[in-house]
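S.K.: How does the following fold in three dimensions:
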Amino acid sequence: MPSQKKITLGNVEIGGGAPVVIQSMTMSPTYDVQKTVQEIKGLEEVGCEIIRVSVPDKKSAEALPHILKQISIPLIADIHFDYRMAFLSIDAGVQGIRINPGNIGSFERTKEIIQKAKQKNVAIRIGVNGGSLEKDLLDKYGYPTTEALVESAVRYVELFEKENFTNFKISMKSSDVKTTIEGYRKLSQVVDYPLHLGVTEAGPAFSGSIKSAVAFGALLADGIGDTIRVSLTADSREEIKTAKEILKSLGLRTFGAEIISCPSCARAEIDVVALANKVEKAVAHVKKPLKIAVMGCAVNGPGEAREAHVGIAGGKKEGLLYLDGKTIQKVSESKLFETLMDQIQTLENNKTP
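M.R.: Just a heads-up that it's a prediction; the model follows:
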């Protein structure tokens, strides 16, 4: 079930009915301020709304204030093993920290971090991970089962509540899609805090995107999930693009142009594959939520094109241009791209699609 509790990370609301938020993580060494800022700004440009950076040592923590001055989205410090890095990060001014209680040392260390975060009004993500479950849970379940992940998460929720701290969200990651789906479904039945979705170590861009889309789609369609990160072995900007498409496909967010195009078949009498790919690249910069149809034949084409803000339905070496459901003109195949782009430009310049 959807989380009812809401937390705030800088100027971003999470949970409690707020829009699902997209986040990513930098690959640059955090102590390299210039590279890290450049990477974050590049992610901001494509739609990243929260960014996480690794803070494994003191020189990384010391770089945080310099990074914060140059970015405009909330910054989360990723902490593992050394609880002191959490203190330094909080003092540096980050809006949130991510800790994995399973490797932070002890309940007492976690309590110290909670109290420090409470003093500075810093949000925390409780990160439960199949690769670093507590030893007693591994002994109990044998391996990182769904039940083990949920029990670990609930254990730390109870600890945080005992410390009168509720400014947190929870992630419960596995590299297995089915375990991820089952785990979050079970967790959502027993806690009411915002949930961060992620399939950890999802893989390269192609396979990782599919894994993430399957897991996130199943959960988000049920109202489970408040922030997401598509973890890919690829350029971080690909994570953002994939996340946006997942949310767009479910109608949860609108980001720029959405292209509806047919897969092409023997009925197509124009090169719809080449045209659709060309249009997709050309509208990547479009910020306005436009629905664009690129259809190859007269069977489904006219009907789909009429449902879009602007669309093309192909015929024999030509196509019909549609605007808001109305046929505007017949265009030769050689002029389809140019004509469609002219119309998209006009719509983009108007106040409403």
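
S.K.: which residues of this structure fall in helices?
M.R.: With DSSP state H as the criterion, the chain has helices at 33-46, 58-68, 84-92, 107-120, 135-141, 146-162, 177-190, 205-220, 236-249, 272-282, 301-307, 336-349.

S.K.: what's the nearest residue to residue 259 if we skip its chain neighbours?
M.R.: residue 292 (5.1 Å; C-beta to C-beta, 6 or more residues apart in numbering). The way it works is simple: take the backbone N, C-alpha and C, and place the C-beta from them, glycine included.

S.K.: Please verify my assumption that that neighbour contacts residue 308.
M.R.: Yes: in this structure residue 292 lies within contact range of residue 308 using C-beta atoms under 8 Å: 5.8 Å.

S.K.: Can you pick out the residue with more neighbours from those two?
M.R.: Set residue 292 next to residue 308 and count neighbours by other C-beta atoms under 10 Å: residue 292 wins out with 25 against 22.

S.K.: Look up the residues forming beta bridges with the more buried one.
M.R.: residue 259, residue 310 (DSSP bridges).

S.K.: ok, now which ones touch it?
M.R.: 257-260, 279, 283, 308-311, 340, 344 (C-beta atoms under 8 Å, 6 or more residues apart in numbering).

S.K.: Taking the residues you listed together, which two end up most distant?
M.R.: Maximum pairwise distance in those, criterion C-beta to C-beta, is 14.5 Å, between 258 and 340.

S.K.: Which one's more surrounded, those two?
M.R.: Neighbours were counted for residue 258 and for residue 340 using other C-beta under 10 Å; residue 340 has more, 24 against 18.

S.K.: excluding its backbone neighbours, what's nearest the more buried one?
M.R.: Beyond its immediate neighbours in the sequence, the residue positioned closest to residue 340 (C-beta to C-beta, 6+ apart) is residue 312, lying 5.5 Å away.

S.K.: ok, now how distant is the one you found from residue 273?
M.R.: 13 Å (C-beta to C-beta, to the nearest Å).

S.K.: Comparing these two, which residue is more hemmed in?
M.R.: residue 312 (30 against 15).

S.K.: Fine by me, thanks again.
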